[in-house]
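>>> Based on what follows, work out the 3D shape:
(one chain, ligands or ions: 2)
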Amino acid sequence: MSNFGNQHQFSIYQTMTNPDPNRLPVVYEEWEKKAREVLDDGPFYYVAGGAGGEHTMKANLQAFQSRKIVPRMLTNVGERDLTIELFGETYSFPVLHAPIGVQSIIHPDGELASAKACAELEVPYIASSASTAPMEEIAKAMGDDAPKWFQLYWSKDSDVTASFLKRAETAGYSSIVVTLDTSMMAWREYDLKNVYLPFLMGEGVGNYFTDPAFRSKLQKTPEEDPVSATMYWAKVFGNPTLTWNDLAFLREHTRLPILLKGILHPDDAKQALESGVDGLIVSNHGGRQVDGAIGALDALPLICDVVQERIPVLFDSGIRRGSDVLKAVALGAKAVLVGRPCMYGLAVAGQQGVKSVLKNIIADMDITLALSGEKAIRNVNKSLLMEA
Ligand SMILES: Cc1cc2nc3c(=O)[nH]c(=O)nc-3n(C[C@H](O)[C@H](O)[C@H](O)COP(=O)(O)O)c2cc1C
Ligand SMILES: CCCCCCC(=O)C(=O)O
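Numbering: from 1, shown residues only. Ligands and ions are numbered 1, 2, ... in the order given. Next up, the predicted model:
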């Protein structure tokens, strides 16, 4: 049973009789609207926008709408258990903070605010390779006991990749999420229109500019010559030549569990199983990479059919409310990652905003679980759902 759940006894009455003193939004759409008010066009559309005509971004939300929960009655749901097990650890909820880079464009406290909000809630924070703050600072801000994972952008410079893996392990991260769908930036129409790419303004390079392997490749330090350092970053950030055979390199350089993020095709799930990775994250990067790609929730049951619970499958792309978490879990996800909603929380109210967004999703999930007739999130399965 989760401490957070026990301490706070999620109930709509409790929430209403103890209203948030800061009067932060509750409605997801209001967080987004308020974020729009506080952010300039460049940063707002960088976060909110997707690839191409944003068809996949819309398909992500549509995939949730087309599945309906069919609640069960008289099942004694007085006590709920929201905990899950992953890689030998017990986590309080089936909810993690998605890896999100360049958070300094959203709030001056950036990743440190988000990570601290997660630490307060016992929600694992996945620190992005493209964070503005270096991974060591994020880990320190969270504290030793807070659950933290590291997301790897697999650099063309293998010394940098190996160095990131070593640093993550030393800093106390407990799993490595390898994002496969972003070897290069997609065609993002709003960013092109706004001529806005945060990396070219020195955001999101905190892990690179502090990295000994990265620095050793430069003629002048990033402090002396940030332009040349940024050019080297652009050259080595991603590696579109990678193949499944290259995964052995990652295995050789870390003893931590490795999860592959961005899996959508069942044949890739088969390859992943053969390559011996420890987990998968079904994701289309929130519709930010391949416009026209399958809605992520539509891909989830296809991947879970192949995996057959041999390794954990996690999910992201479109989680907005508690019922979305339930639907993803019912379709086979062990846990979900929350992305854009946290960034709207960060924009509006920094650490408190991220905390509030995550707390609301978890409370909504707990109540919806109970009202659907289930008491343990780990027992939720596809019998909870019907296709509309
Ligand atoms: C502003 C922004 C930056 C992101 N940066 C990263 C990143 O650095 N690494 C990564 O693996 N995914 C990144 N993502 C993708 C998220 O991890 C996640 O897949 C996506 O946000 C899920 O879609 P949703 O936010 O619509 O639910 C980013 C997403 C956004 C919105
Ligand atoms: C050069 C591409 C960097 C992308 C890093 C951030 C990200 O993942 C995103 O979706 O934006």
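
>>> Can you report how many residues lie near the residue in the stretch 201-350 of the chain that ligand 2 sits nearest to?
The minimum distance from the stretch 201-350 of the chain to ligand 2, using C-beta to the nearest ligand atom, falls at residue 288 (4.5 Å). (Glycine included, C-beta is placed from N, CA and C.) Counted with other C-beta atoms under 10 Å, residues neighbouring residue 288 total 25.

>>> Next, the closest residue to residue 240 other than its chain neighbours: secondary structure please.
Computed as C-beta to C-beta, 6 or more residues apart in numbering, the closest residue to residue 240 that is not its neighbour in sequence is residue 183, at 4.2 Å. Classification of residue 183 using DSSP: H, G, I helix; E, B strand; the rest coil returns coil.

>>> residues in contact with residue 183?
If you count contacts by C-beta atoms under 8 Å, 6 or more residues apart in numbering, residue 183 has them with 154, 238, 239, 240, 242.

>>> List only buried entries from the residues you listed.
154, 238, 239 (16 or more other C-beta atoms under 10 Å).

>>> from memory residue 121 sits against residue 358, does it?
Yes. Between residue 121 and residue 358 a contact is recorded at 5.7 Å, counting by C-beta atoms under 8 Å.

>>> the more surrounded of the two?
Between residue 121 and residue 358, counting by other C-beta under 10 Å, residue 358 is the more crowded of the two (24 against 21).

>>> from memory the more buried one sits against residue 98, does it?
No. Residue 358 lies out of contact with residue 98 (C-beta under 8 Å); the separation is 11.1 Å.

>>> shared neighbours of those two, which are they?
In contact with both residue 358 and residue 98: 338, 342, using C-beta under 8 Å, 6+ apart.

>>> Give me the neighbour count for the closest residue to ligand 2 within the stretch 151-300 of the chain.
As assessed by C-beta to the nearest ligand atom, ligand 2 sits closest to residue 185 within the stretch 151-300 of the chain, at 4.0 Å. Residue 185 has 15 neighbours, counted by other C-beta under 10 Å.

>>> From residue 296, how far off is it?
The gap separating residue 185 from residue 296 is 19 Å, by C-beta to C-beta, to the nearest Å.

>>> what's the average pLDDT for the host helix or strand of residue 274?
Taking DSSP states H and E as the criterion, residue 274 maps to helix 266-275. Averaging pLDDT along helix 266-275 yields 98.

>>> List the buried residues of that helix.
So helix 266-275, judged by 16+ other C-beta under 10 Å, has buried residues 266, 268, 269, 271, 272, 275.

>>> which sections of the stretch 151-300 of the chain are below the confidence cut-off?
The model of the stretch 151-300 of the chain has no residue with pLDDT under 70.

>>> for the record, mean pLDDT for the longest helix along the chain?
The longest helix of the chain (DSSP state H) is helix 340-371. The average pLDDT for helix 340-371 rounds to 97.

>>> And it, how far out from the chain middle?
14 Å (C-alpha atoms, centre = their mean, to the nearest Å).

>>> Quickly check: that helix near ligand 2 or not.
No. Between helix 340-371 and ligand 2, judged by C-beta under 6 Å from any ligand atom, nothing touches; the nearest distance is 10.4 Å.

>>> Is that helix positioned near ligand 1?
Yes. Counting by C-beta under 6 Å from any ligand atom, contacts between helix 340-371 and ligand 1 involve 340, 343.

>>> Can you name the residue of the stretch 151-300 of the chain nearest ligand 1?
Counting by C-beta to the nearest ligand atom, the stretch 151-300 of the chain gets nearest ligand 1 through residue 286, at 2.4 Å.

>>> how much space between that residue and residue 249?
27 Å.

>>> Those two: which has the busier surroundings?
Using other C-beta under 10 Å as the criterion, residue 286 and residue 249 rank with residue 286 on top: 24 against 14.

>>> Please report how far that one lies from residue 182.
11 Å.

>>> Can you give me the neighbour number for residue 352?
For residue 352, using other C-beta under 10 Å, the count is 17.

>>> In contact with it, which residues?
22, 24, 117.

>>> ok, now residue 32?
Counting by C-beta under 8 Å, 6+ apart, residue 32 touches 48, 340, 344.

>>> Could you report the distance from the residue nearest to the spatial centre of the chain to ligand 1?
Residue closest to the average C-alpha location in the chain (C-alpha atoms, centre = their mean): residue 98, at 1.2 Å. Distance, residue 98 to ligand 1, by C-beta to the nearest ligand atom, to the nearest Å: 4 Å.
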